[in-house]
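Peer 1: Okay, structure incoming, though there's no sequence with it:
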């Protein structure tokens, strides 16, 4: 079977038109010899055939090769538009698939001592506008509550309560809603121990420097941290604690979790914080710490920083 290349060469190697051909299109007619030629045939096995994968590779190479020229053309267009060459800037819109709205930190079950502060944390993956409502046993906690207060933080909220024995086994729920109307919720339970050394489980966290109340020696010791100036405008605070397992220490500023990424704060060791004083930010600010392990949670008292002229 003849190949396409052979047919093509045969067709184009015919003699030049003679008297059998007319220069007028209307009267042109092929000769008997021309009519006897077989029609051209395509063959995928011919040597000139280029596979699709190679065509794609060639297109990619052309795209890369032409990219600098396209950029120069855009720059020249911008320079000619009288805007200082900025007219050549362009951007490509990309479709962004948002991450699912979910919790990064949920409230955890807590065991606390009656009338000692406790906090529930609720933090979502959305750092934009998030509305958080707290509920106790299914009922919304109102802003006017005298035993609980909520503080908004980026992407969430912190609920601080002053529990009583009647709050034992209560359920606290965080309901978060983002700007799109998506709603998620998480809840935790509260266990309240009587403020009596014999009622508190062994291994419950306790601050090392906590002192017993002389008037009430059976009560769980209270801790009031002190800020010691170690150099001008630099303070150190000791909130070391004991317990089984060893407690973790968390720091608070105005009852909000302290942003330890701020270079003004340095954790020197577990339970030891260094503060570089900012008179604008710290004047009148209340700091505190919290010790927590699987047996329970205990807050320190607060200490304030005040600028004295």
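Peer 2: Good, I have the coordinates. Just so we're clear, the structure is a prediction, and the values are computed from it rather than from any experiment.

Peer 1: which residues are in contact with stretch 128-144?
Peer 2: 120, 122, 124, 148, 150, 152, 155-157, 159, 170-179 (CB atoms under 8 Å, 6 or more residues apart in numbering). Bear in mind the C-beta positions are built from the backbone N, C-alpha and C, glycine included.

Peer 1: In it, which residues are buried?
Peer 2: 130, 132, 133, 134, 135, 136, 141 (16 or more other CB atoms under 10 Å).

Peer 1: What's the separation between the first one and residue 138?
Peer 2: It refers to residue 130. 21 Å (CB to CB, to the nearest Å).

Peer 1: how's this protein carved up into domains?
Peer 2: 98-194, 196-309 (automatic domain parsing).

Peer 1: got those as TSV, with distance to residue 61 and mean pLDDT columns?
Peer 2: Shown next, in TSV, are the domains of the chain (distance: least, CB to CB, whole Å; pLDDT from 0 to 100):
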stretch	distance to residue 61	mean pLDDT
domain 98-194	36	92
domain 196-309	46	87
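
Peer 1: ok, and the closest non-adjacent residue to residue 162?
Peer 2: residue 147 (5.2 Å; CB to CB, 6 or more residues apart in numbering).

Peer 1: For that neighbour, list the residues it contacts.
Peer 2: Here residue 147 is in contact with 161, 162, 163, 164 (criterion: CB under 8 Å, 6+ apart).

Peer 1: So which of those residues are in helices?
Peer 2: Among the contacts of residue 147, the subset assigned to helices under DSSP state H is empty.

Peer 1: Which members of these are the farthest-apart pair?
Peer 2: Pairwise distances across the contacts of residue 147 peak at 9.5 Å for 161 and 164 (criterion: CB to CB).

Peer 1: Compare neighbour counts for those two and give me the winner.
Peer 2: A count of neighbours by other CB atoms under 10 Å puts residue 161 above the other of residue 161 and residue 164, at 24 against 11.

Peer 1: Next, count neighbours for the closest residue to the more buried one other than its chain neighbours.
Peer 2: Closest residue to residue 161 apart from its sequence neighbours, by CB to CB, 6+ apart: residue 148 at 4.5 Å. Using other CB under 10 Å, residue 148 has 19 neighbouring residues.

Peer 1: Just to check, residue 148 is in contact with residue 164?
Peer 2: No. Residue 148 is beyond contact range of residue 164, at 11.4 Å (criterion: CB atoms under 8 Å).

Peer 1: Now residue 99: closest residue in space, sequence neighbours ignored.
Peer 2: Counting by CB to CB, 6+ apart, the residue nearest residue 99 is residue 125, at 5.9 Å.
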